[in-house]
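K.L.:
Return a 3D structure for these sequence lines:
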Amino acid sequence: TAGQERFRSVTRSYYRGASDALLVYDITIRESSNALANWLSDAHQLASSNIVIILSGNK
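P.N.:
Below is the predicted model of the structure:
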């Protein structure tokens, strides 16, 4: 899936200049929620300074 580490360089390009982001993670897989820190960091570093981020836990 796009959330896998091997796709990180691709997904980082989507954050550039973004005004909002929807981050969805699988609540049944610990690695998925653990990866949120990386995705949040990327969003804050690469998107606009006032980005709106929505986190959604999915089952």
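
K.L.:
Could I get the average pLDDT for the longest helix that the chain contains?
P.N.:
With secondary structure taken from DSSP state H, the chain has its longest helix at helix 36-46. When the per-residue pLDDT values of helix 36-46 are averaged, the result is 89.

K.L.:
cool, stretch 18-29 as well?
P.N.:
92.

K.L.:
Just the buried positions in that stretch, please.
P.N.:
Within stretch 18-29, the residues that qualify as buried are 21, 23, 25, counting by 16 or more other Cβ atoms under 10 Å. Just so you know, the C-beta spots here come from the backbone N, C-alpha and C atoms, and that holds for glycine as well.

K.L.:
Let's see which of those end up in strands.
P.N.:
For those, membership in strands holds for 21, 23, 25, with DSSP state E as the criterion.

K.L.:
close enough to count as contact, the second one and Leu40?
P.N.:
It refers to Leu23. Yes. Shown here, Leu23 and Leu40 form a contact pair, counting by Cβ atoms under 8 Å, at 7.1 Å.

K.L.:
list the residues that contact both of the two?
P.N.:
Taking Cβ atoms under 8 Å, 6 or more residues apart in numbering as the contact criterion, the residues that touch both Leu23 and Leu40 are Ile53.

K.L.:
Doesn't Ile53 belong to a strand?
P.N.:
Yes. According to DSSP: H, G, I helix; E, B strand; the rest coil, the state of Ile53 is that of a strand.

K.L.:
give me the number of residues near it?
P.N.:
Look at Ile53: counted by other Cβ atoms under 10 Å, it has 14 neighbours.

K.L.:
of all the ones in strands among the buried residues of stretch 18-29, which comes closest to His44?
P.N.:
The nearest member of these to His44, counting by Cβ to Cβ, is Ala21 at 9.7 Å.

K.L.:
Show me what the closest one is bridged to.
P.N.:
Going by DSSP bridges, Ala21 is paired in beta bridges with Ile53.

K.L.:
cool, the one 5 residues further on as well?
P.N.:
Under DSSP bridges, the beta-bridge partners of Asp26 are Asn58.

K.L.:
so what's the spatially most central residue of the chain closest to, chain neighbours aside?
P.N.:
Against the mean C-alpha coordinate of the chain, by Cα atoms, centre = their mean, the closest residue is Trp39 at 3.4 Å. Take Trp39 and drop its neighbours on the chain: the residue closest to it by Cβ to Cβ, 6 or more residues apart in numbering is Leu23, 5.2 Å away.
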